[in-house]
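J.: Turn this into a model:
(one chain, ligands or ions: 1)
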Amino acid sequence: MANADVAIIMGSQSDWPTMKHAADTLDQLGVTYEARIVSAHRTPDRMYDFARSAKSEGFKLIIAGAGGAAHLPGMVAALTPLPVFGVPVESKALSGEDSLLSIVQMPAGIPVGTLAIGKAGATNAALLAAAVLALTDPGVETALDTFRAERTAAVAEVPSNEAH
Ligand SMILES: Nc1c(C(=O)O)ncn1[C@@H]1O[C@H](COP(=O)(O)O)[C@@H](O)[C@H]1O
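T.: Numbering: from 1, shown residues only. Reported below is the predicted structural model:
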């Protein structure tokens, strides 16, 4: 049984610098998560076992990051009823456009909520996951409200001499 609401999975250890932004954001919001390396290509049996048991383990949402031929989010979505948010990790050869296109164009019936490439996508995947959890968890709702208010307050105003 998982002691976490969110599973953060990724195709490789090399995805962690990106996916860490999802983990850090969930930390800030007090949302519990577990991070695991799972690859549709390199560890297909582990991917199958993870996806099939994710719901019964107690996870409520999955954030899946992968780069290049990023089949992991879609394959996991095909095997679990849980919501899956896909994060395209920036690839060296094609700057993550390959990752994005591998994740975003799912056939109707098997959705993956696809985020932006890289850090922004990982951060927003965590915020979306928290927003879903906040529907039934007042603690997360409050944390999310505070997070958003702090972000708003942190936006610097345009200096008056540069305003047009
Ligand atoms: N796209 C996938 C999958 C998958 O989709 O199952 N498994 C690994 N990978 C990706 O391969 C890239 C390079 O991995 P390495 O750095 O380990 O060579 C990573 O971005 C990973 O997500």
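
J.: Low-confidence stretches in the protein?
T.: 156-164 (pLDDT under 70).

J.: Next to the ligand, which bits of it? Give me the list.
T.: By the rule Cβ under 6 Å from any ligand atom, the part of the chain lying against the ligand is 10-12, 14-15, 39-42, 66-72, 89. Where you see a C-beta, it was placed from the backbone N, CA and C, and this is true even at glycine.

J.: just checking, which of those belong to helices?
T.: For these, the ones inside helices are L72, with DSSP state H as the criterion.

J.: The closest residue to Y33 other than its chain neighbours bridge partners, please.
T.: Setting aside the residues directly before and after it, Y33 is nearest to V6 in space (Cβ to Cβ, 6 or more residues apart in numbering), at 4.1 Å. Here V6 shows beta-bridge partners Y33, L61, assigned using DSSP bridges.

J.: Pull the contacting residues for V6.
T.: 26, 31-34, 59-63, 126, 129, 133 (Cβ atoms under 8 Å, 6 or more residues apart in numbering).

J.: quick one, strands of this protein?
T.: Ranges of strands in the chain, per DSSP state E, are 6-10, 33-37, 61-67, 84-89, 113-114.

J.: Can you tell me which of the ones you listed is most buried?
T.: strand 84-89 (a mean of 30; mean count of other Cβ atoms under 10 Å).

J.: could you check the angle strand 61-67 makes with that strand?
T.: Compare the direction of strand 84-89 with that of strand 61-67 by axes from the mean of the first three to the mean of the last three Cα atoms, to 10 degrees and you get 20 degrees.

J.: Give me the residues contacting stretch 96-111.
T.: Stretch 96-111 is touched from outside by 66-71, 73-74, 77-78, 84, 86, 88-91, 112, 114, 117-118, with contacts defined as Cβ under 8 Å, 6+ apart.

J.: Find the centremost residue of the protein, please.
T.: The centroid of the chain falls nearest to I63 when counting by Cα atoms, centre = their mean (3.3 Å).

J.: was I right about that one contacting T123?
T.: No - under the criterion of Cβ atoms under 8 Å, I63 makes no contact with T123, lying 10.7 Å away.

J.: Alright, I will stop here.
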